[in-house]
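>>> Got a sequence here, can you build the structure:
(one chain, ligands or ions: 1)
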Amino acid sequence: MKKVITYGTYDLLHEGHIHLLERAKKLGDYLIVGVTSDDFDRRRGKINVRQPLIERIEAVKNTGLADEIIIEEYEGQKIDDIRNYNVDIFAIGSDWTNKFDYLNEYCTVVYLPRTEGISSTQLRSKEGGIQLGFISEDAFVNKVIRETAYVNSIQVSGFYGDPSVLEADLKDKIQIFEDKQDLIDQSNALYIYEQPKQQVKSVAQALESKRHVLAEAPLCLSVETAHDLFNKAEENHVQLVLGLRTPYCTAYNRLLLMVKSGVIGKPVQIQSVCTSMKDYESICEGKIEHVWSSASGWAPTALLPILQIFGPEYVSSSIVVKKLASSSSRPFDLFTNIHLTYPDGVADCTVGVGYRGDNSLTIIGDRGYIFVPSPWWKTDYFEIRYEDSNENKRYYYQLDGEGIRNELVEFKRIVNGDITIQRVSKDVVFTMTSLLEKIKEGNYVTIQ
Ligand code: C2G
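Below you'll find the model as predicted:
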């Protein structure tokens, strides 16, 4: 019996896939089809896959062409499979020509002409399209705009704000709007990243125009305003999503799941450090109108693991701030430490734009601890360490684009109603905001 094997994601199964399977089947007597797992697809950069594995397997099964269906989960599995299943022929579409020549050592490799004019990417782009407008005065917006290229069915509808922050090539190809409402009208969703006061106005204006909003953290600096904005989203039947990268990093989410499943026992302390001195020169010169202070720039990220692991119900908080001495127009914290005491644990969130720390995240438990090295918030690697170092475990999950494309994929899914529970809960957002509000209102101890 001549065995043939082929592999694929088979997302939104179409005639190109079926035509491939039919020809692969004709090459032998028995066809094995390897369908890629969700995790493997994400790790190899395919983050737009629409259907979960179970649906993709079902679709391949329903073609009646596969004699056996297996799951492809890791790089190099093809060699294992060819050996374990005594495969004679490996067949795949011509878009992979030469990429699998190394398998000739184990079986005959056949590249079959790809069916032109159809692809899962095309099918994905046809549905759930997002016209995403950008409202910003921060250069970070360039990264987010570039990352839209990796997300199916997100088009950039235009930009409003400070055009000087746009990089030249983007400025040439993106429509720059003079009027914010015009941009909002031309979009069905907005990415907004401005200084908090201005951001609140823009977010409210977009929500009232019944547009979905991805608002960069901090959403705002008052809990009451945060409640108002989420209520406005609800009243207008649109989604308001907090913009952060970390929650969308696979490694960060696996870390949270492991902590919750007890791999380090009961967590008792979380130390989260986020510092950066990239703007320190401007800060020293007093040019801070477009610079984020420690708390507003970093606290939402630094607080995230604390609030997602310990929750929002802390017993007490103490905040220590070192402020910029110059007579700047607004209070500007160079360094802030937020210490939270919980019924069964403590947490330290340390942020600074005038100081440099190790930018790690440590979660201490009664069986072991988790260590995430710098920059922990672009999570792609973490270690679980125990008293007996032989038990230590290391985890790595590829992170492309700093997590921005993952964030955009998730935002698209929330907007399209594919996801109803946001990774960052409202409670976390409200608690984050309440701590920033304490700082805004001066509820802290100042150090010199
Ligand atoms: N295909 C095709 N014609 C198309 C689209 C896809 O012949 N218009 C073929 C591909 O070449 C592949 C199979 O159909 O052989 C499945 O395609 P995808 O689901 O896109 O899977 P892919 O990402 O190509 O996975 O490690 C190899 C991968 O698992 C192949």
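>>> count of neighbours near the residue nearest to Pro373 when sequence neighbours are not counted?
Distances taken as C-beta to C-beta, 6 or more residues apart in numbering place Ser360 nearest to Pro373, at 5.6 Å, with adjacent residues excluded. To be clear about C-beta, it is placed using only N, CA and C from the backbone, and glycine gets the same treatment. For Ser360, the neighbour count with other C-beta atoms under 10 Å is 16.
>>> show me what contacts Ser360?
By C-beta atoms under 8 Å, 6 or more residues apart in numbering, the contact list for Ser360 reads 271, 273, 371-374, 376.
>>> Within reach of the ligand, which of these are there?
Subset of the contacts of Ser360 in contact with the ligand: empty, counting by C-beta under 6 Å from any ligand atom.
>>> Okay, and which of those residues map to strands?
Judged by DSSP state E, strands contain the following of these: 271, 273, 371-372.
>>> of these, closest to Gln239?
For the ones in strands among the contacts of Ser360, the minimum distance to Gln239 (C-beta to C-beta) is 29.1 Å, reached by Val372.
>>> State the pLDDT value of the closest one.
We have a pLDDT of 98 for Val372.
>>> Tell me where the stretch 51-200 of the chain has helices.
Along the stretch 51-200 of the chain, counting by DSSP state H, counting those that start in this stretch, helices occupy 53-62, 77-84, 120-126, 140-147, 168-173, 180-186, 196-208.
>>> Tabulate these (TSV), appending distance to Tyr355.
Output for the helices of the stretch 51-200 of the chain, formatted as TSV (distance: least, C-beta to C-beta, whole Å):
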stretch	distance to Tyr355
helix 53-62	46
helix 77-84	46
helix 120-126	45
helix 140-147	21
helix 168-173	33
helix 180-186	36
helix 196-208	22
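>>> need those in JSON lines with mean pLDDT and mean neighbour count, can you?
What follows is those, written out as JSON lines (pLDDT from 0 to 100; neighbours: other C-beta atoms under 10 Å):
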{"stretch": "helix 53-62", "mean pLDDT": "96", "mean neighbour count": "16"}
{"stretch": "helix 77-84", "mean pLDDT": "97", "mean neighbour count": "16"}
{"stretch": "helix 120-126", "mean pLDDT": "78", "mean neighbour count": "16"}
{"stretch": "helix 140-147", "mean pLDDT": "96", "mean neighbour count": "19"}
{"stretch": "helix 168-173", "mean pLDDT": "94", "mean neighbour count": "11"}
{"stretch": "helix 180-186", "mean pLDDT": "96", "mean neighbour count": "17"}
{"stretch": "helix 196-208", "mean pLDDT": "95", "mean neighbour count": "19"}
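>>> Most proximal residue of the stretch 151-300 of the chain with respect to the ligand?
Taking C-beta to the nearest ligand atom, the ligand has its nearest neighbour within the stretch 151-300 of the chain at Asn152, 12.8 Å off.
>>> That residue is in contact with Asn48, isn't it?
Yes: counting by C-beta atoms under 8 Å, Asn152 does reach Asn48; the two are 4.4 Å apart.
>>> Could you tell me which residues touch both of these two?
Listed as contacting both Asn152 and Asn48 by C-beta under 8 Å, 6+ apart are 121, 124.
>>> Pull the contacting residues for the closest residue to Val259 other than its chain neighbours.
Leaving aside its sequence neighbours, Val259 sits nearest to Ile309 (C-beta to C-beta, 6+ apart; 5.7 Å). By C-beta under 8 Å, 6+ apart, the contact set of Ile309 is 256, 259-260, 267, 270, 363.
>>> By proximity to the ligand, which residue of the protein wins?
Gly93 (1.8 Å).
>>> residues near that residue, how many?
Neighbours of Gly93 using other C-beta under 10 Å come to 19.
>>> One more: Glu441?
Glu441: 10 neighbours (other C-beta under 10 Å).
>>> just Val213 next, same as before
Residues near Val213, counting by other C-beta under 10 Å, number 31.
>>> What secondary structure category should be reported for it?
strand (DSSP: H, G, I helix; E, B strand; the rest coil).
>>> Mind listing residues that contact stretch 330-343?
Stretch 330-343 has contacts (C-beta under 8 Å, 6+ apart) with 283, 288, 291, 293-295, 299, 302-303, 306, 310-311, 313-324, 346-355, 435, 439, 442, 444, 447.
>>> For the helix or strand of the chain with the lowest mean pLDDT, which outside residues touch it?
The helix or strand of the chain with the lowest confidence, counting by mean pLDDT, DSSP states H and E, is helix 120-126 at a mean of 78. With contact meaning C-beta under 8 Å, 6+ apart, helix 120-126 is reached by 9, 11-12, 14, 48-50, 152-153.
>>> repeat that for 6 Å
11-12, 48, 50, 152-153 (C-beta atoms under 6 Å, 6 or more residues apart in numbering).
>>> Then stretch 51-64?
Defining contact as C-beta under 6 Å, 6+ apart, one finds that stretch 51-64 is touched by 10-11, 13, 18, 21, 33, 35, 37-38, 66, 69.
>>> Looking at these, which gets the smallest pLDDT?
Within the contacts of stretch 51-64, pLDDT reaches its minimum at Asp38, with 92.
>>> What parts of this structure come near the ligand?
7-11, 16-17, 20, 36, 72, 92-93, 95-96, 114-115, 118-120.
>>> For the residue positioned nearest the centre of the chain, which residues are in contact?
Geometric centre of the chain, nearest residue: Tyr248, 2.6 Å, by C-alpha atoms, centre = their mean. By C-beta under 6 Å, 6+ apart, the contact list for Tyr248 reads 403, 406-407, 410.
>>> switch to 10 Å and redo it
Applying C-beta atoms under 10 Å, 6 or more residues apart in numbering to Tyr248 gives the contacts 47, 379, 399, 402-411, 423-424.
>>> Could you point out which of those residues is nearest to His212?
The shortest approach to His212 among these belongs to Phe411, at 7.8 Å (C-beta to C-beta).
>>> Gln398 against Ala251, yeah?
Yes: Gln398 is within contact range of Ala251, at 8.9 Å (criterion: C-beta atoms under 10 Å).
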